[in-house]
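Engineer: Sharing a model prediction with you, sequence too.
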Amino acid sequence: MSETETPPFRYTAALAGEIELRWQAYWAENGTFHAPNPVGELADPTHPRAGAPKLHVQDMFPYPSGAGLHVGHPLGYIGTDSYTRYKRMAGFNVLHPMGFDAFGLPAEQYAVQTGTHPATTTEANVERYRQQLRRLGLAYDERRSFSTTDPEYYRWTQWIFLQVFNSWFDPEQGKARPISELIASYEAGERGTEWAELTPVERRKLIDAHRLAYMSEAPVNWCPGLGTVLANEEVTPDGRSERGNFPVFQRSLKQWMMRITAYGDRLIDDLDALDWPEPVKLMQRNWIGRSRGAHVDFPIDGGHIRVFTTRPDTLFGATYMVLAPEHELVESVVPAAWPEGTKDAWTGGHATPAEAVAAYRAAAAAKTEEERTADGKVKTGVFIGAFAENPVNGVRIPVFIADYVLAGYGTGAIMAVPGQDERDWAFAEVFQLPIIRTVEAPDGFQGAYTGEGPAINSDWLDGKGVAEAKAAMIAWLEENGKGTGATTYRLRDWLFSRQRYWGEPFPIVYDETGLPVALPESMLPVELPDVDDFSPRTFDPDDADTEPETPLSRKKDWVQVELDLGDGLKTYTRETNTMPQWAGSCWYELRYLDPHNDKVLVDPENEAYWMGPRTPGDPGGVDLYVGGVEHAVLHLLYARFWHKVLYDLGHVSSFEPFKRLFNQGYIQAYAYQDDRGFYVPAEEVVEREGGYFYGDQRVTRSYGKMGKSLKNIVTPDEMCDQYGADTFRVYEMAMGPLDVSRPWETRAVVGSQRFLQRAWRLVIEEETGAVRVTDEPLDPKTRKVLHRVIAGVREDMDELRFNTAIAKLIELTNALTPLPVVSREAVVPLVLMMAPFAPHLAEELWGKLGNEGTLAYADFPVADPAQLVADAITYPVQVNGKVRGRVEVAPDTPEAEVREAALAAVAEALVGREPKKVIVVAGRLVSVVV
RNA sequence: GCCCGGGUGGUGGAAUGGCAGACACGGCCGCCUUAAAAGCGGCUGCCUGACAAGGCGUGCGGGUUCGAGACCCGCCCCGGGCACCA
């Protein structure tokens, strides 16, 4: 192999590398991608896009892991980079920032293992990510980059926490208001006389109970293996931690909560205003789980049982009741002996109701979530010996406990209507309970009927449809004081505290009463102190009977603090929990807008410009937000919640953070295992004889994610070394639509390199480096191709269809390649259109074509409509659906003439048969029916 | 079980109800080369056929239409989400 044989000016990986480094340096030195703000430090009235229409495009920022990037990670980043480079050239003032979600478990766990401070690890990882991203030529405004771990950033995370802490949700107005207004309202006596009689401490407790961030002793998800509690969203359906897959137990613990449930309605309703993938909206709706129905009170000795039902219309069919095993009313209503009318099947074989209840409760408590749901539809339960009264007809109905009723949903009690509910039907069969249909089922229908139909066996509801009967029953319940219309949610309040080290400290201290006191803004940020031991106390993953202990609590000299919070110098105790990883990503889209502002979170003018609503009903928000679908519920729900609080309190003008969401697909890879099951390096496996071989060994192939242990990682750095960043970018964008997952195939990358080499060769003579381009006009036929490509590329770019845009650019390049002369008329627009995908190469060629500086703000080509009209149209002519001939006619040929010509063209195929029908589709084809 | 996506060549993928398979990978053939690589050119859905040509083709079965990969009905398979939420 001798270098003399490769033409010296060929676009090789080495040349690409040289060009890329040079342009990356140019962009950085010249601040090419700085986006001007309307006001403040980043304002720049002289900027070419100052005052232009804005476009705010954002990627879900990464957690900078120690492993660095693989080729799958930057797919979305390259997509948004290509899109924003295009939009910038098309005249928009583009904001495309990137930051790092740097708090979190891996850095902490690494710290525990090695003793390295998480800040050190995190900083190194962030630096590595920055270099990898820079190498890909991503056009970020680097002035706006930050890590969530920067004290100057988390100062504002803490500030938002204080906003949430210092507000309450006013159900009348349906929005958050400052807590001071609630206090004023109590003081003014607008909320009863209670206030005047309370002690100061009682008043504080009353107010604290209204805050949007509050402490509560409540059942939480305790994960001994991680040594921390987790939010519901972080627990998998089989009762394990999403991170680490450890068992999770229900424990009652005092923890910080955020009142996200107050926003349930708005979080559902405002989805309608968003341009999001329908599946993501659906997942959020399901997670919030709003059900409308009624609360109904069933009298029972010494009180009543309140149930929630979505089917108040079926009340006449309620033949028994079920309480969750843990329901607090159970003790007080269990009688000493089984009452008359107790069936044998109801007692579980126990001598007394108290024994039966105790036994069932013990059995239910011993089951894990996994076991309970694995039992599926087999219903268990036990009669508690008490009867309640159906409030609509006074019928005496037995009361059971059963684990198919969940303590945490609704009121933890149900009225059972086996006729119209499958679960109740199954239970009624096991326990020989009566079934009364109250909705007429279709003839021959078996089992519980949940469909539409007229009410039957329901006295004054008979004949009414389901919706009408529901409304009538709710009205009746309310008139007679037996119940009310009600809405419940599956969504629980957000458990916000974690017993970890590597997170934002709470800006909260406790005084001598043990009640929380907010630190004033002037004391922010509360910096994370250095500690010797970063680890929370972790336990045997299966030992539920353990207590969390936070790393910060061991730092005694930090926990005890002397402060003057208005009452003179006093000793306070700091909150030692930290915030969950989601906190930093809940609002970062706002900080990009005004990253260095130390007066406010974001200047209102800058927020209104980049994210404010443009038309009535417009939610505002980021114009395009690209990321993986795995954040459909967690991050996106929390971020929407915080944004709405900030909106209510007047800090932002947009009521949603992300107007348009796009879920990019994943790049996956094949992995290969030998017959012992060991993974072998994927890059060394070859395909032959219809199988896969590693050396002489036959190996089996599997498909999935890239991972170190699967030995199938390909990194962007390798791709840059072997092909150059531009080739890598073009390949990732050309391999398929952005939202589709697909397998990585290194050997296919060469196709993109060939494309760039051909384009390069159009401009540059490979042997001499001379510019080949001439001022010769383009021939008319190729000119039409050019303009058709321009029109198509613009359309594709606007729709994020980068793969087809690149295909059109290849077609144009291939059309120009065989031409005897290279015309500037075609090459200039080609280079400009390639710039979003292959920016370094395009910049270089742009310079060779005699231009100064960067093309980042050059006008993206516009097609000449006159060139989009075809010279002639070739009509395929179908006979009975098969193409049997073609005719070429001028574009404006009248239909009758086209028909004539077409019939003549297929005369042979018609062999004298008379056409029954001739359809001429203008500009498309002719269809003849015989 | 319920709810979403999705099934097109050897592969990744194109196709406002209008010539299925753009573009690319791979494969085959050729040019260049002492040779190889790179590059360039041609062919490449399947079947029959020397060619010309013909037949069959978008998971399966029906339907609507002059015309269906696309629309409707009923299935099958793959991926994802939810799963006793009253």
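Structural biologist: It's in.
Engineer: A:Phe249 - nearest residue in space that isn't next to it in sequence?
Structural biologist: Leaving aside its chain neighbours, A:Phe249 sits nearest to A:Ala544 (3.9 Å; criterion: Cβ to Cβ, 6 or more residues apart in numbering). C-beta here means a position set from N, CA and C on the backbone, and glycine is covered the same way.
Engineer: scratch that, A:Met89
Structural biologist: Of all residues not flanking A:Met89 in the chain, A:Phe860 sits nearest, at 4.0 Å (Cβ to Cβ, 6+ apart).
Engineer: Return the residues in contact with the one you found.
Structural biologist: A:Tyr86, A:Met89, A:Ala90, A:Arg794, A:Leu832, A:Met833 (Cβ atoms under 8 Å, 6 or more residues apart in numbering).
Engineer: just to revisit the earlier point, the residue nearest to A:Phe249: neighbour count?
Structural biologist: Each residue near A:Ala544 was counted by other Cβ atoms under 10 Å, and the total is 16.
Engineer: one step back: how near is the residue nearest to A:Met89 to RNA strand B?
Structural biologist: Distance of A:Phe860 to RNA strand B, given as Cβ to the nearest atom of the strand, to the nearest Å: 20 Å.
Engineer: again, but for A:Leu21
Structural biologist: Taken as Cβ to the nearest atom of the strand, the span from A:Leu21 to RNA strand B is 22 Å.
Engineer: And for A:Trp846?
Structural biologist: Distance from A:Trp846 to RNA strand B, by Cβ to the nearest atom of the strand: 22 Å.
Engineer: Then A:Lys705?
Structural biologist: 10 Å.
Engineer: May I have the beta-bridge partners of the closest residue to that residue other than its chain neighbours?
Structural biologist: Sequence neighbours aside, A:Gln668 is the residue nearest to A:Lys705 in space, at 5.8 Å (criterion: Cβ to Cβ, 6+ apart). Here A:Gln668 sits in beta bridges with A:Pro743, as judged by DSSP bridges.
Engineer: isn't there a strand covering the residue nearest to A:Phe249?
Structural biologist: No: counting by DSSP: H, G, I helix; E, B strand; the rest coil, A:Ala544 is not part of a strand but coil.
Engineer: That one contacts A:Leu253, correct?
Structural biologist: No: in this structure, A:Ala544 is not within contact of A:Leu253 by Cβ atoms under 8 Å, at 12.0 Å.
Engineer: Identify the contacts common to those two.
Structural biologist: Counting by Cβ under 8 Å, 6+ apart, the residues touching both A:Ala544 and A:Leu253 are A:Trp222.
Engineer: A:Gly348: neighbouring residues, count only.
Structural biologist: Neighbours of A:Gly348 (other Cβ under 10 Å): 16.
Engineer: which residues sit in contact with it?
Structural biologist: A:Gly348 touches A:Ala356, A:Ala359, A:Tyr360, A:Val382, counting by Cβ under 8 Å, 6+ apart.
Engineer: measure the last one to RNA strand B for me?
Structural biologist: If you measure A:Val382 against RNA strand B using Cβ to the nearest atom of the strand, the figure is 14 Å.
Engineer: Identify the bridge partners of that residue.
Structural biologist: A:Ile401.
Engineer: Nearest spatial neighbour of the residue in the stretch 451-600 of chain A that RNA strand B sits nearest to, chain-adjacent residues omitted?
Structural biologist: Taking Cβ to the nearest atom of the strand as the measure, the stretch 451-600 of chain A has A:Arg490 as its residue closest to RNA strand B, at 3.8 Å. The shortest distance from A:Arg490 to any non-neighbouring residue, by Cβ to Cβ, 6+ apart, is to A:Gly289 (2.7 Å).
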